[in-house]
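Student: got a sequence here, can you model it:
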Amino acid sequence: MLVRRGQFENTSGISPIKLGGPVSYGSYAVSKRMGKMDQILNFNGKRVLDLGCGNGCYTEEIARRADYVCGIDLHMPHLQAFREAIPRVQGSGEDLPFASESFDVVTMIEVLEHTDCDTKVLAECFRVLKPGGLLALFVPNKFYPFESHPCRLGTFSLGRNVPLVSWLPESFRRHICYARIYTRRGLFAIARKVGFQIQESGFIFPPLDSFPLPFKNTYRRIVARLESTPLGNLGVSIYAVLAKPAHSAKTVARGPNNRQFESATFDVLGVRTHAVQIGQVVEQMNGWIRERDGCHSIAATSMHGVVEAQHDPSFKEILNATDLVVPDGMPLVWLGRRQGHFLRRRVYGPDLLLAFCEESAEKGYRHFFYGGEPGVADHLAASLKARFPGLNVVGTCSPPYRPLNATEDEEIVEMIRSAAPDVLWVGLGAPKQERWMHNHKAQLRVPVLVCVGAAFDMLSGRRKQAPPWMREHGLEWFFRLLQEPRRLWRRYLVYGSQFIIYLLLDSLRLKNFEADGSRLPKRTPGRQTPV
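Tutor: Model (predicted):
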């Protein structure tokens, strides 16, 4: 079935984007991209829209896998070149002629860069997808060393595969090449703007169909392995699977037992980290206090905690059992951004504590501060009450710097229970604070437990904070190392080096960092140490 919808006018006030030529039937480029989609998608039983279908070489392959497929393209000659009787329609990606929630999957292969407005196209894809539907797309990668589209200087043609044009600033590049080009971060920013969630992404190298090179099959086998390494960032195309949320994007919690915070997460060496910002964490804490349906835990985790989790699998299990693990460190923020999450800044422990105290001062929430060296918790409480006059502090405790016996441990638990706080702030330092929180969570009957590490020392005035510009650019470690070199040299120099090595091993797939399911440690009193 071939449907003609007439001429589509360009009303944007700019010259129309030129269209690329369709791929040849039976080419390696088709089998390469279809093989990648087979890895990341299941077409079985799905209704699929192939946007920018060209001559139907991909549409035909999808038709063999899906329950139904329809192609759409702006050029009628392309649609007339279909070899199979597959439903297709002439139309524009900015104005799809389909009802909302009509398709399970939309595919868009090397098309978005040629459209008049990529944001409108993605918004239309979002509209026609069913809740939970997927958009699979391929776009050109800015970091590929050669420009894969035709280039020109004025009226003089430079041809294809001109080196380094793609690396030029966009204000200059657009005068040489007509097609847009994307970074993964830029693509994800547009996708998130229209409501998509990032499900999967990666890179592919060029298939070299048009080059009569020897050992072409050997080259293809080698680059297929390199695509999953850091060298994949130099691939010719970015591929991504974007998901339309199956339900409202509003943060919710699961059932009454063993609830866990639901939001986008990303993996850092096997540690499940939530892609959230301070405002979202404060909102969720308010919700947990209102509901009072159990004891919920939050851990502000940095590079140090992630490396500790590699040394001790039981600690990794503790972090992954925590309701909310937030990125309190710029390396984690950078990794989250690289995986497509919009993280403007870290969830810095002191800032989280201040934000919630400011929010809760008028609500009368009850706060308890547990941790720090002798007197630190008292100084912290006094400082916060001076800053927020309505703050309700119902108790403080700075445990001794030694292992607690069973009697002492029970006395502290009873003290906290008697005070009946709404929020228990724990500042014992990682990994001690997370272990203590896990071991005592069931006994405390406190709606929210929050591990905030060095926040006790910072906000009590015991130690200076790094300037904001250092904190937001990943340089706080250097400031703190200069303050306390004897105590922190191992954390930042040894653990920092290990963190980089672990990331390299993970990216090269030379080591598996997934949680191994080892048993959690027994709930016994642990040694209490200051931050």
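Student: residues near the closest residue to residue 348 other than its chain neighbours, how many?
Tutor: Spatial nearest neighbour of residue 348, chain neighbours left out: residue 328 (6.0 Å); criterion: C-beta to C-beta, 6 or more residues apart in numbering. Every C-beta, even on glycine, is put in place using the N, C-alpha and C of the backbone. Residue 328 is flanked by 28 other residues according to other C-beta atoms under 10 Å.
Student: again, but for residue 397
Tutor: Neighbourhood size, residue 397 [other C-beta under 10 Å]: 17.
Student: OK, contacts around the residue nearest to residue 348?
Tutor: Applying C-beta atoms under 8 Å, 6 or more residues apart in numbering to residue 328 gives the contacts 300-302, 346-349, 453.
Student: mind running it again at 6 Å?
Tutor: Residues in contact with residue 328 (C-beta atoms under 6 Å, 6 or more residues apart in numbering) are 300-302, 346-347, 349.
Student: how close does it sit to residue 402?
Tutor: Between residue 328 and residue 402 the computed distance is 27 Å (C-beta to C-beta, to the nearest Å).
Student: if we can go back for a sec, in strands only, show me the contacts of residue 328.
Tutor: Among the contacts of residue 328, the members found in strands (DSSP state E) are 300-301.
Student: nearest to residue 98, of the contacts of residue 328?
Tutor: Taking C-beta to C-beta as the measure, residue 98 lies nearest residue 347 of those, at 40.6 Å.
Student: thinking again about what came up before, turn the contacts of residue 328 into JSON lines, including distance to residue 511 and neighbour count.
Tutor: Formatted as JSON lines, the contacts of residue 328 follow (distance: C-beta to C-beta, whole Å; neighbours: other C-beta atoms under 10 Å):
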{"residue": "300", "distance to residue 511": "26", "neighbour count": "29"}
{"residue": "301", "distance to residue 511": "20", "neighbour count": "29"}
{"residue": "302", "distance to residue 511": "21", "neighbour count": "24"}
{"residue": "346", "distance to residue 511": "26", "neighbour count": "26"}
{"residue": "347", "distance to residue 511": "28", "neighbour count": "28"}
{"residue": "349", "distance to residue 511": "29", "neighbour count": "27"}
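Student: let's have the contacts of residue 328 in a markdown table, adding distance to residue 449 and pLDDT.
Tutor: What follows is the contacts of residue 328, written out as a markdown table (distance: C-beta to C-beta, whole Å; pLDDT from 0 to 100):
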| residue | distance to residue 449 | pLDDT |
| --- | --- | --- |
| 300 | 12 | 95 |
| 301 | 14 | 95 |
| 302 | 18 | 94 |
| 346 | 20 | 94 |
| 347 | 16 | 96 |
| 349 | 14 | 94 |
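Student: what average pLDDT does stretch 91-99 get?
Tutor: For stretch 91-99, mean pLDDT is 93.
Student: determine how far the last residue of that stretch lies from the first.
Tutor: Using C-alpha to C-alpha, to the nearest Å, one end of stretch 91-99 lies 14 Å from the other.
Student: return the set of buried residues in that stretch.
Tutor: 91-94, 96, 98 (16 or more other C-beta atoms under 10 Å).
Student: which residues touch the strand or helix carrying residue 486?
Tutor: Assignment of secondary structure by DSSP states H and E places residue 486 within helix 485-489. Residues outside helix 485-489 that contact it (C-beta under 6 Å, 6+ apart): 480-481.
Student: got the domain ranges for the protein?
Tutor: Domain assignment of the chain by automatic domain parsing yields the ranges 2-7+15-141+182-243, 262-507.
Student: tell me the centre residue of this protein?
Tutor: residue 341 (3.3 Å; C-alpha atoms, centre = their mean).
Student: measure it to residue 473 for me?
Tutor: Taking C-beta to C-beta, one finds residue 341 at 19 Å from residue 473.
Student: over to residue 49?
Tutor: Taking C-beta to C-beta, one finds residue 49 at 43 Å from residue 473.
Student: between the buried residues of stretch 91-99, which sits nearest residue 84?
Tutor: residue 91 (19.4 Å).
Student: about what we covered before: residues contacting the residue nearest to the centre of the chain?
Tutor: Residue 341 neighbours (C-beta under 6 Å, 6+ apart): 264, 266, 275.
Student: likewise residue 450?
Tutor: 298, 425.
Student: what residues are bridge-paired with it?
Tutor: Beta-bridge pairing for residue 450 (DSSP bridges): residue 298, residue 425.
Student: elements contacting the strand ranked longest in the chain?
Tutor: Longest strand in the chain, counting residues (DSSP E): strand 129-140. Under the contact criterion of 3 or more C-beta pairs under 6 Å, 6 or more residues apart in numbering; DSSP states H and E, strand 129-140 touches strand 103-109, strand 237-243.
Student: convert the C-alpha atoms of the first one to CSV, please.
Tutor: Taking C-alpha atoms only, strand 103-109 is exported to CSV below (Å, rounded to 0.1, in the frame of the first residue of the first chain):
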residue,chain,number,x,y,z
PHE,A,103,3.2,2.0,17.4
ASP,A,104,5.3,-0.1,19.7
VAL,A,105,8.6,0.8,18.0
VAL,A,106,9.8,3.6,15.8
THR,A,107,13.1,3.1,13.9
MET,A,108,15.0,6.1,12.5
ILE,A,109,18.3,5.1,10.8
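Student: when you give positions from now on, start the count at 643
Tutor: Sure thing, new numbering starts at 643, so read that last one as strand 745-751.
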